[in-house]
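1. Starting from these lines, generate the structure:
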Amino acid sequence: MTITHPQRASTDDGAMGPRHDNPRRRTFTAEYKLGVLDEYDAAGDGSSRAAILRREGLYSSHIADWRKARDAGALSGLSRPAPSNKKTPEQLEVARLRARAEMAESDLAKTRMVLDIMGKAHALLEDLSDRAQQAAHDSGEQPSSKNSRR
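-> Below is the predicted model:
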C-alpha cells in the first residue's frame with residue numbers, strides 16, 4: 001500500500017506542467033522583441049544569454065528571426081498585426097452595392113444585346129417583306145390585303 005503525503009505530492013504550477021487543453025500561439029509586440037534583443041545582445045557570455053531565454057520562455061531561433069527582421073528594417077514586421085476578418089458596416093454596404101451594380105450592368109448588357117438582335121430581326125423581316133412586295137408587283141400580282149403594310 002502506498003501512502004502519499006500532502007507535503008510530497010507534486011503540484012502543477014503551470015510552468016513546466018502538462019499542455020493546456022487549448023494551446024494558443026504566443027504573440028509578441030515589436031517593443032517586446034526589441035527589448036529582448038537589446039538585453040540579449042548586451043549579455044556577454046552564453047550563460048547570461050541562456051538565462052534570458054529561459055526566463056522569457058524563448059528559443060534561440062526566436063532571437064535569430066527577430067534579428068533578421070530588425071536588421072532588414074522591418075520594425076513593423078516584427079509583430080504580426082491581429083487579423084481583422086470582421087468588416088465594418090460600411091465595408092459590408094459597399095460590397096453589397098458593388099455586387100448589385102455588377103448584376104445591374106450584366107442585365108443591362110443582356111438587354112442591349114437582345115435589343116440589338118431584335119432590331120436586326122425587324123430590319124431583316126422588313127427587307128424580306130419589301131422584297132416580297134416588289135416581286136409581287138413586278139410579276140403583276142396584286143398583293144393580298146393581309147400582307148399589305150398600308
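2. what distance separates the top helix by length along the chain from the centre of its chain?
-> Longest helix of the chain, by residue count under DSSP state H: helix 89-139. Distance of helix 89-139 from the chain centroid (Cα atoms, centre = their mean, to the nearest Å) equals 37 Å.
3. Could you do stretch 32-43 as well?
-> 35 Å.
4. and that stretch, C-alpha only, in CSV?
-> Extracted as CSV, the C-alpha positions of stretch 32-43 are listed here (Å, rounded to 0.1, in the frame of the first residue of the first chain):
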residue,chain,number,x,y,z
TYR,A,32,9.0,43.5,-26.5
LYS,A,33,11.1,41.9,-29.3
LEU,A,34,13.4,44.9,-29.5
GLY,A,35,13.7,44.9,-25.7
VAL,A,36,14.7,41.2,-25.5
LEU,A,37,17.1,41.7,-28.4
ASP,A,38,18.8,44.6,-26.7
GLU,A,39,19.1,42.7,-23.4
TYR,A,40,20.3,39.5,-25.2
ASP,A,41,22.9,41.4,-27.2
ALA,A,42,24.1,43.2,-24.0
ALA,A,43,24.6,39.9,-22.2
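5. Taking the centroid of this structure, which residue is nearest it?
-> N85 (8.4 Å; Cα atoms, centre = their mean).
6. Look at that residue and report its pLDDT.
-> Looking at N85, its pLDDT is 75.
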